[in-house]
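>>> The following block contains a protein sequence and its predicted model.
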Amino acid sequence: MATEILMPALSPTMEEGTLAKWLVKPGDAVKSGDILAEIETDKATMEFEAVDEGTVGELLVSEGTEGVKVNAPIATLLAEGEEADEAKPAAQPAAEPGKGESAKDETGEAPERVPAVAKSAVESVETRDPAAEAPEWPEGTAMKTMTVREALREAMAEEMERDETVFLMGEEVGEYQGAYKISQCLLEQFGARRVVDTPITEHGFTGIGVGAAFGGLRPIVEFMTFNFAMQAMDQIVNSAAKTLYMSGGQMGCPIVFRGPNGAAARVAAQHSQDYAAWYAHIPGLKVVQPYSAADAKGLLKTAIRDPNPIIFLENEILYGRSFEVPDLEDFTVPFGKAKIARKGRDVTIVSFGIGMAHALEAAEKLAGDGIEAEVIDLRTLRPMDTAAVIESVKRTNRCVTVEEGFPVGSIGNHISAVLMEQAFDWLDAPVINCTGKDVPMPYAANLERLALVTADEVVQAVKQVTYR
Amino acid sequence: MARAASPRTAAPREEAPAQGSGNGGGANVSKDELLKYYREMLLIRRFEEKAGQLYGMGLIGGFCHLYIGQEAVVVGLEAAAQEGDKRITSYRDHGHMLASGMNPRGVMAELTGRIDGYSKGKGGSMHMFSREKHFYGGHGIVAAQVPIGAGLAFADKYLGNDNVTFTYFGDGAANQGQVYETYNMAELWSLPVVFVIENNQYAMGTSVRRSTKSRTLYGRGEAFGIPGEQVDGMDVLAVKAAGEKAVAHCRAGNGPYILEVMTYRYRGHSMSDPAKYRTREEVQKMRDERDAIEHVRQLLLSGGHASEDDLKAVDKEIREIVNDSADFARESPEPPVEELWTDIYADTIPQAEAADRNA
């Protein structure tokens, strides 16, 4: 009986990849450990090894095919004595027309023979009701579809082009092209003076970054993930955030600390934490957590130009998502200005970062039940556009907050307090904070799902505050 | 222990500060220079004594770490610096500020928490900065200034000037991990930074021998390829000579250099010090036999460079400067309450404005 060789998942968040190159052909004998193919993901190119012995039957996916889903059959392997023909797998169902817009992948085309995997709205391309948003760019601006990853890279490249004192430092930002490929090609474009690979030494290189900022440069310090920035917390909080104040305004620290934050997928407790509330606690820091590619680009450019220390919280799961980005020469998004991502009159859902995916998915489901939710994307947590939240709540009289972080001392707690103090008379129900659960992130897939905030929880919370 | 590529590196010395080694480095030193060092060291000592008094009177609060006994370290190293060079240190920073030319009035007024202090009264004893004098603080977390100092040097190298950064830290800080993270990158990237370990032999109350079995602290740089040496920190001329060598090494593009300057703090770690971890006799012996100011005073007198009367005149002048700073610091008003809410965020980079003005 022939076995199918399936598209492997080569990283915790990989959902699909490109079959870059076949290193075997039908009829080749392979044994365990032989390299079968080169597979590319948005993070890296990797070699895919055989785990079984046999003869290669048929290659089901041709070289160069993009968007091959994890676990889709890519080849067949014949046991001893089998013929290629009998091994042909039963005809696969053609790619499903997809669940509406959401099945469209980054390339816009699903490869043949690959069964489309139903994707939740969380994974969808962001194409929701652009009319609901106040325009942040001139009418008629050409748009281009871009991943968050490309948007971040473009923002850095544009600012490095613009200002000679901007440089990038961090682990694997140069020759490796970025652990998450955010800095892809920057070394080639700007050279090793401005794209600086550091040893694995967060506390040290963060301090060096702070000193370089004191000394007249504008460093972008990449943390491979913000989990590792805890080793550098003293330099971020005590040195970067407080020096302007301690020096009576003489010494500023223009620096951007950026990198993925929050849960990725199946990487357990030490690598899955949302630090939004931690950093938002500190006067002297500005804290940014974008959701869309346009905001990622516009806010990162603003961050690099800002004369203060900026915490720029990205999200690994969002890196590969595509959004419409205005095709402007110099597109920036101001800090402290929330965005109404969806208009509604029945309830205000406030979120930021990947929480926006859950908020928007919930709003879509709620619309089906006749509840029109207004969804506000805070975009920056410090300064926070609480005025926009209050304004909205005065219209909807109800509020649910959504974030991935822990519940105690959360951003949602802060918003609840602000609403109590400044919009108490307008509230018709207690504010509910939807957050990650109050547990270290578990590894097991089922437990991890339970630990994370979900769109269904947001739906439930909204029904609670609207008494439905 | 020094790496072969750096022939200028001195062989290690394991002993405590050399006993009365005369004018270190064997340099011929002019009368003017000697008088200058005498004056600068004396200013620090009298200033610190006055700060101690004001603390006792309740005019200075919180932590106050005095530099008395260590004066030759900064004065000797400042003699090796040129305009544009940067300096950064820990919380025992008054001496560094005075030696870099910062105004005693502004320093004392910061100690009393007044608006005319260098940080408008918002930083205090441990947190002062001067962009004009290239003094980058005043850092309260032990060893946090070490990577920052290397970062300043990173900026200078990036900008292509030949400035050097003096990064001061104590024997206590030398046990913090970030020092070694910094050593590694400073040597890897050939940063022009002089790491100055002010080994006053006590980290608060813990003596060096109770905190490490390393025979020297500068020798730890060898693991990273950084040359260094021990220096008699009670001899300002020896410090200056070593500083010149270190600076030349950095300015030539050879990367960092470590000076372990053997010194001694006469006063407690801070104003509240139990004084139980060393004997009174030990302190008195250092004061009697190794005092850096007395050493220069003897050189001036024995060399016929100055008379007792000349030196008395200097003493008088210094006392006047210090008394003036104390009067100023008492009279300067507390910061207005609006200052609570200023300087949290910048609209422009303040040090960039300073650079523009200096350009």
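Yep, that arrived.

>>> how about whatever residue of the stretch 151-300 of chain A ends up closest to chain B, phi and psi?
As assessed by C-beta to the nearest C-beta, chain B sits closest to A:G211 within the stretch 151-300 of chain A, at 2.0 Å. C-beta here means a position set from N, CA and C on the backbone, and glycine is covered the same way. The phi/psi pair for A:G211 (degrees, to the nearest 10) reads phi -60, psi -40.

>>> got a list of what the nearest residue to it once chain neighbours are set aside touches?
In this structure, A:G211 finds its nearest non-sequential neighbour in B:G151, 2.0 Å apart by C-beta to C-beta, 6 or more residues apart in numbering or on different chains. Neighbouring residues of B:G151 by C-beta atoms under 8 Å, 6 or more residues apart in numbering or on different chains: A:207-215.

>>> what are the phi and psi angles of B:G151?
With angles defined as degrees, to the nearest 10, B:G151 sits at phi -70, psi -40.

>>> Model confidence score at A:D327, please.
pLDDT for A:D327: 96.

>>> so the residue of the stretch 151-300 of chain A closest to chain B sits right up against B:Y158, yeah?
No. Between A:G211 and B:Y158 there is no contact under C-beta atoms under 8 Å: 11.4 Å.

>>> quick one, helices of chain A?
Taking DSSP state H, the helices of chain A run over residues A:148-162, A:186-190, A:202-214, A:233-234, A:243-246, A:276-280, A:293-305, A:316-319, A:355-368, A:386-396, A:411-423, A:445-451, A:455-465.

>>> Which residues of the stretch 301-450 of chain A lie near chain B?
Residues of the stretch 301-450 of chain A lying near chain B by C-beta under 8 Å from any C-beta of the partner chain: A:307-308.

>>> Which single residue of the stretch 301-450 of chain A ends up nearest chain B?
Going by C-beta to the nearest C-beta, chain B is nearest to A:P307 of the stretch 301-450 of chain A, at 4.3 Å.

>>> got any ranges where the stretch 1-150 of chain A has weak pLDDT?
For the stretch 1-150 of chain A, the stretches with pLDDT under 70 are A:1, A:83-134.

>>> 80 instead?
Where the stretch 1-150 of chain A drops to pLDDT under 80, the residues are A:1, A:10-13, A:42-45, A:51, A:80-135.

>>> The residue in chain A sticking out farthest from the centre and A:A2: what is the separation?
What lies farthest from the middle of chain A is A:G81; by C-alpha atoms, centre = their mean that is 47.9 Å. Distance, A:G81 to A:A2, using C-beta to C-beta, to the nearest Å: 11 Å.

>>> Do you know the pLDDT at B:Q351?
85.

>>> what's the pLDDT at residue 163?
The chain I'm using is chain A. At A:D163, the model reports a pLDDT of 97.

>>> ah, I was thinking of chain B
For B:N163, the model assigns a pLDDT of 98.

>>> My read is that it contacts B:F154, right?
No. Taking contacts as C-beta under 8 Å, B:N163 lies outside contact range of B:F154: 11.4 Å.

>>> if I look at whatever residue of chain B ends up closest to chain A, how far off is A:P219?
Proximity of chain B to chain A (C-beta to the nearest C-beta) peaks at B:G151, 2.0 Å away. Distance of B:G151 to A:P219, given as C-beta to C-beta: 8 Å.

>>> Need the residues touching each of those two.
Common neighbours of B:G151 and A:P219 are listed as A:209, A:212-213 (criterion: C-beta under 8 Å, 6+ apart).

>>> Could I get the full set of helices for the stretch 101-250 of chain B?
Applying DSSP state H, counting those that start in this stretch to the stretch 101-250 of chain B gives helices spanning B:104-111, B:145-159, B:177-188, B:236-251.

>>> Could you report the neighbour count for B:D32?
Residue neighbour count, defined by other C-beta atoms under 10 Å in any protein chain shown, stands at 9 for B:D32.

>>> Which of the three states applies to it?
The three-state assignment at B:D32 reads helix, by DSSP: H, G, I helix; E, B strand; the rest coil.

>>> sorry, back to before: in terms of neighbours, single out the busier of B:N163 and B:F154.
Under the criterion of other C-beta under 10 Å, the comparison of B:N163 against B:F154 puts B:F154 first, with 29 against 21.
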